[in-house]
Every structure is written in structure tokens, then in C-alpha cells.
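Chemist: Quick check, what structure comes out for this input:
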Amino acid sequence: MAVTAAGTGLLAHFSALEDPRQSGKVLYPLPEILLVVLCGTLSGCDNFVEMALWGREHLSFLRSFEPFARGIASHDTLNDVVRALDPALFEDCFVSWINSLRGAAGAEEIAVPETIAIDGKTMRRSGSRRGAGPLHLVSAWACGQRLVLAQEAVTGKSNEITAIPRLLDQLVLKGALVTIDAMGCQRAIAEQIVEAEADYVLAIKGNQKSLYGSIQRAIAEGGPRTASASTWCGPKTPITGGTRCAGTSSCTTSAHSTGATPGRDWARSAWSRPRSSATARPPSPGAASCAPDR
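Modeler: Presented below is the predicted three-dimensional model:
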């Protein structure tokens, strides 16, 4: 019974899609085609031929969700129908479904925030000998669920800065911890994450000399130990103010404020949202907060 509910929930997220075919000529309903494509993809199928084969081998399982009166459509039919769907609407439906998988944490903060890693990668062998450049994707990876929540295609790594805000707009970030490499260390990106009621860790490199120096001085003045490129620095008392995240040229370092608000401009954009003392948490004993830039 629970399995049927899960399947119904999956298709419900794609109910906004319209069947592009003439209704009088439809042999395989759109929900059946979507179920084969989605389940086949989740099972590791790389193309429509494999999806059709997977569907025929698991027909009894699929019939627990939809009738499949005529069996499984051919790989050509799967291909033709999917290619005719509205890609933007399909992406919206897919993101809606993925966000539902993350589960609603509710208004209360959880003990360990969900970590969402934002990073850009160039797809191997995606280029063309005819001059077409390789495909570069900026992805949002949910570490706990091990899922890619959303992706944005860009023409190159230098364009990640413009793609990251569009990617964040697609996600429900409330209560999550967003990590981004030095490419995403931008005031607007930090403010966008804070407005979404999330926290963040942003890497800093030495080429941002003013910000780099300001953070090093702030950590040295506010932490119990001297900050270095390989040492975590932060108070041993519970958090009573906001959380600010910074980094050095060789690592990412988290430092926690104790309520004081520096007057420097960088602090207003580099600090995350304030926490109340009721939900404050001390750093985990022995937890490493320093990781090399990749």
C-alpha cells in the first residue's frame, strides 16, 4: 500500500505536463511513459533502449502503479514523446519532485543541518571535434540524500557566478548549509542564501586580498586560538550570535561570532543569518572544519 502511494506521489509531481500527441492516436498513456523513463533512469539506464528493456523486465512491478494494458512502449516511442515535452516545465516538475524527497523538516531546526554542495564540473567527452565546446554544469548536490537537486548549464567556468543564483532560486534552502568554492564567494550570493533562511560556507582565496586579510584579522581577534591556514579557529562556548564562514588560501575555516558585529562592509555580506540562543549549538568536539580547496 505504501509503495502505491509513493508511485502516485511521483507521477503527481509531473501532472502539469501535457501530452503532446493527438488524443485519438495515443496507445501508451503519458503517465505510463513517464513512469518507465523515470524508474529506468533511477535504475541506471543510459538511453531509451535500456529503459524499454528495463520496463519489459519489470512489467509486473510497473503494473502496481499503472495498468500498462498494452505493455511497454518501444524505445522509439519513449524517445519521441520525451523529446516533444516542454523541457522547462519538465525541469520544474523534476525539481518539485526532488525537493519533496528531501522531506519537510518543519519549522524547528534539526540538530545537523542538511548540506548542499554547489560546484561546477565539465562533462567528460562532451565536446565536439567540429568546434563545439564541452558541456559545463553547475550542480546542487544534497550530501545526505546523495541526489543532484538541480543543474544549470554554462559556457565555461567563468560563468558560474551568474549560474549559481539561478540554481539557488530553484531550491528550498531553509535550514540547510550551503557550501560553495571560491568562485561563489560573492556578496550577492551570500545575501541570497541568507534571505532563503540558510547558512553557508564560502571558500576564500588569497587573490581576494582585502577580504582575506579582514577575515584573518577577525578570526585572530575573536577566536581562542590564532588562525592559520591549517587550523580551525572558533570559541568553545555555545553560539550566541551569528555564524560567519570564511576561508584561507589553502583551507575553508568556520568561525563563530559571540554577538559582536564588526563595522566592516565585508562582515555584513560574509555573515550568515543570526541564531537565537535557544537553538545555539557548540562546535562538535574534535570535528574538523578545515578542508583543502579542490
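Chemist: mind checking pLDDT for the closest residue to D19 other than its chain neighbours?
Modeler: Once flanking residues are discounted, D19 sits nearest to L30: 4.3 Å by Cβ to Cβ, 6 or more residues apart in numbering. Where C-beta positions appear, they are placed from N, C-alpha and C, glycine not excepted. As predicted, L30 sits at a pLDDT of 96.
Chemist: In contact with L30, which residues?
Modeler: 17, 19, 81 (Cβ atoms under 8 Å, 6 or more residues apart in numbering).
Chemist: What about the nearest residue to A196 once chain neighbours are set aside, how many residues nearby?
Modeler: Spatially, and ignoring its direct neighbours in sequence, A196 is nearest to L173 (4.0 Å; Cβ to Cβ, 6+ apart). Residue crowding around L173 was assessed by other Cβ atoms under 10 Å; the count is 23.
Chemist: next one: V95
Modeler: 18.
Chemist: what pLDDT does it get?
Modeler: 81.
Chemist: May I see the buried residues of the host helix or strand of it?
Modeler: Assigned by DSSP states H and E, V95 falls within helix 87-101. Counting neighbours by 16 or more other Cβ atoms under 10 Å, one finds that the buried residues in helix 87-101 are 92-95, 97-99.
Chemist: just stretch 64-76 next, same as before
Modeler: 65-66, 68, 72-73, 75.
Chemist: now that stretch: mean pLDDT?
Modeler: 96.
Chemist: Please enumerate the helices of this structure.
Modeler: 2-12, 30-42, 48-57, 59-62, 75-84, 87-101, 160-169, 187-195, 209-222, 265-270 (DSSP state H).
Chemist: so how far is V49 from the closest residue to L168 other than its chain neighbours?
Modeler: Closest residue to L168 apart from its sequence neighbours, by Cβ to Cβ, 6+ apart: Q192 at 5.6 Å. According to Cβ to Cβ, to the nearest Å, Q192 stands 41 Å off from V49.
Chemist: Check what contacts stretch 45-58 and list those residues.
Modeler: In contact with stretch 45-58 (Cβ under 8 Å, 6+ apart) are residues 36-37, 39-41, 43, 62, 71-76, 78-79, 82.
Chemist: can you pull the buried residues of that stretch?
Modeler: 45, 48, 51-52, 54-55.
Chemist: May I see those residues organised as TSV, with distance to K205 and pLDDT added?
Modeler: Converted to TSV, the buried residues of stretch 45-58 look like this (distance: Cβ to Cβ, whole Å; pLDDT from 0 to 100):
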residue	distance to K205	pLDDT
C45	40	94
F48	43	96
M51	43	97
A52	48	97
W54	45	97
G55	48	97
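Chemist: Most neighbours among the contacts of L30, please name it.
Modeler: V81 (20 neighbours).
Chemist: If we ignore the residues flanking it in sequence, what's nearest that residue?
Modeler: Using Cβ to Cβ, 6+ apart, the closest residue to V81 is I33 (5.2 Å).
Chemist: one step back: closest to R187 among the buried residues of stretch 64-76?
Modeler: F65 (47.1 Å; Cβ to Cβ).
Chemist: any idea how far the closest one lies from A52?
Modeler: 17 Å.
Chemist: And for Q145?
Modeler: From Q145 to A52 the distance is 28 Å (Cβ to Cβ).
Chemist: thinking again about what came up before, report the angle between the axes of the helix holding V95 and helix 30-42?
Modeler: Orientation check (axes from the mean of the first three to the mean of the last three Cα atoms, to 10 degrees): helix 87-101 against helix 30-42 gives 70 degrees.
Chemist: Please name every helix or strand in contact with helix 87-101.
Modeler: Applying 3 or more Cβ pairs under 8 Å, 6 or more residues apart in numbering; DSSP states H and E, one finds that helix 87-101 contacts strand 147-154.
Chemist: can you pull the pLDDT of S249?
Modeler: pLDDT at S249 comes out at 37.
Chemist: The one 10 residues further on now?
Modeler: Predicted confidence (pLDDT) for G259: 33.
Chemist: With the one 3 residues further on instead?
Modeler: Model confidence at P262, expressed as pLDDT, equals 30.
Chemist: Give me the distance between I118 and E18.
Modeler: 32 Å.
Chemist: try Q170
Modeler: With Cβ to Cβ as the criterion, Q170 and E18 are 21 Å apart.
Chemist: the more surrounded of these two?
Modeler: The neighbour count for Q170 versus E18, taken as other Cβ under 10 Å, is higher for Q170 (19 against 11).
Chemist: Looks like the more buried one contacts S139 (just checking).
Modeler: No: between Q170 and S139 there is no contact under Cβ atoms under 8 Å: 11.4 Å.
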